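Visitor: Generate coordinates for the sequence data below:
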Amino acid sequence: MIPWAMNRNVRFKTGIGPLLDAMEQPDDIDASCLNGLSQKLAPVGQALTLTRPACRLKQH
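Guide: The predicted structure is shown next:
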């Protein structure tokens, strides 16, 4: 999710998993990739918030 949220090309290959394009230079990622990052990752935080209480119940 994080590479996708940072506008990096992510694709999936069956039997291998996620693949990212190589970065030619460290400058390939700049501060502009942070624009909207929290909004893109918000569903992940929401899922964790909803799941955490259920995990605590199973531990007891």
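Visitor: tell me the mean pLDDT over the helix ranked longest in the chain?
Guide: In the chain, with assignment by DSSP state H, the single longest helix is helix 37-59. Averaged across helix 37-59, pLDDT comes to 84.
Visitor: Report whether Met23 is found in a strand, as I expect.
Guide: No. The assignment for Met23 is coil, going by DSSP: H, G, I helix; E, B strand; the rest coil, so no strand is present there.
Visitor: before we move on, the earlier item: run through the neighbouring helices and strands of the longest helix of the chain.
Guide: helix 2-5 (3 or more CB pairs under 8 Å, 6 or more residues apart in numbering; DSSP states H and E). In this view, the C-beta of every residue, glycine as well, is placed from N, C-alpha and C.
Visitor: So which bits of the longest helix of the chain are buried?
Guide: Within helix 37-59, no residue is scored as buried using 16 or more other CB atoms under 10 Å.
Visitor: Cool, thanks, signing off.
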